[in-house]
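Enquirer: Build the 3D model from these lines:
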Amino acid sequence: MKRLLTLDEGNYTNEMPVHERWNVRAVIYRDGRLAMERSRRGEFKFPGGTVDPEEGFHAALCREVREETGLLVIPESIHELGEILELREDLFHKGVKYVCHSLFYRCEVKDHTVATAKTESEIQQGLHLHWETPDRIAAANEAFRHKRWIARDTAFLWLWMEQQSHAAPPLL
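Expert: Prediction:
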């Protein structure tokens, strides 16, 4: 997959053991709005999450979107957009290099939804499906840019918005 951006904090060494993680993120765009997860505090993030062992990227995308939003991805509509790579010392394990691959995919969803299956953390954050325009998402996320995952998702959003404004072939 094409690398769109590397977010490198540079606070690690190459001698450190590596914790590598693969995540998938759904870009669902309909009628000028993106399907996002919004917290009770107001930040937005793209639906998605960690790929389980022995699970393919597309299967993980469908599962994560269903669990977090209740939306059902149409598997045939999944299209690669690009990767954002994050490099830093692991926040939970000092002395470990964290390598996170966030793979962004455009996809379409069915018109009906199903019950969600949120994690305890997602419930505590009040994460819920919210359709919003890209410019409003970017503006709302400004207050939360200190959060690494919001910085990552907003960086992807800005890349897409910039491409749209230059009349380049759209990512979405």
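Enquirer: L5 reaches L87, doesn't it?
Expert: No: checked against Cβ atoms under 8 Å, the pair L5 and L87 is beyond contact range at 11.5 Å. From N, CA and C alone the C-beta is placed, and that goes for glycine too.
Enquirer: So which residues of the protein form strands?
Expert: In the chain, the strands defined using DSSP state E lie at 3-8, 18-27, 29-30, 33-38, 44-45, 48-50, 71-73, 79-89, 97-106, 109-113, 128-132.
Enquirer: Next, the buried residues of stretch 125-140.
Expert: Neighbour counts over stretch 125-140 (16 or more other Cβ atoms under 10 Å) mark 125, 127-130, 132, 134, 137, 140 as buried.
Enquirer: Kindly list the longest helix within the chain.
Expert: Counting residues, the longest helix in the chain under DSSP state H turns out to be helix 148-165.
Enquirer: the bottom helix or strand of the protein by mean pLDDT?
Expert: Sorting the helices and strands of the chain by mean pLDDT, DSSP states H and E puts helix 148-165 at the bottom, at a mean of 88.
Enquirer: Distance of the residue lying closest to R148 once chain neighbours are set aside relative to R66?
Expert: Distance criterion Cβ to Cβ, 6 or more residues apart in numbering; nearest residue to R148, sequence neighbours excluded, is E86 at 7.1 Å. Distance, E86 to R66, using Cβ to Cβ, to the nearest Å: 25 Å.
Enquirer: got the CA positions of stretch 50-59 in CSV?
Expert: C-alpha atoms of stretch 50-59 as CSV (Å, rounded to 0.1, in the frame of the first residue of the first chain):
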residue,chain,number,x,y,z
THR,A,50,-6.5,-3.5,15.1
VAL,A,51,-6.3,-6.5,12.7
ASP,A,52,-6.5,-9.7,14.7
PRO,A,53,-4.0,-12.5,14.2
GLU,A,54,-4.8,-14.6,11.1
GLU,A,55,-7.4,-12.0,10.0
GLY,A,56,-7.2,-10.3,6.6
PHE,A,57,-7.3,-6.5,6.3
HIS,A,58,-10.6,-6.4,4.5
ALA,A,59,-12.2,-8.8,7.0
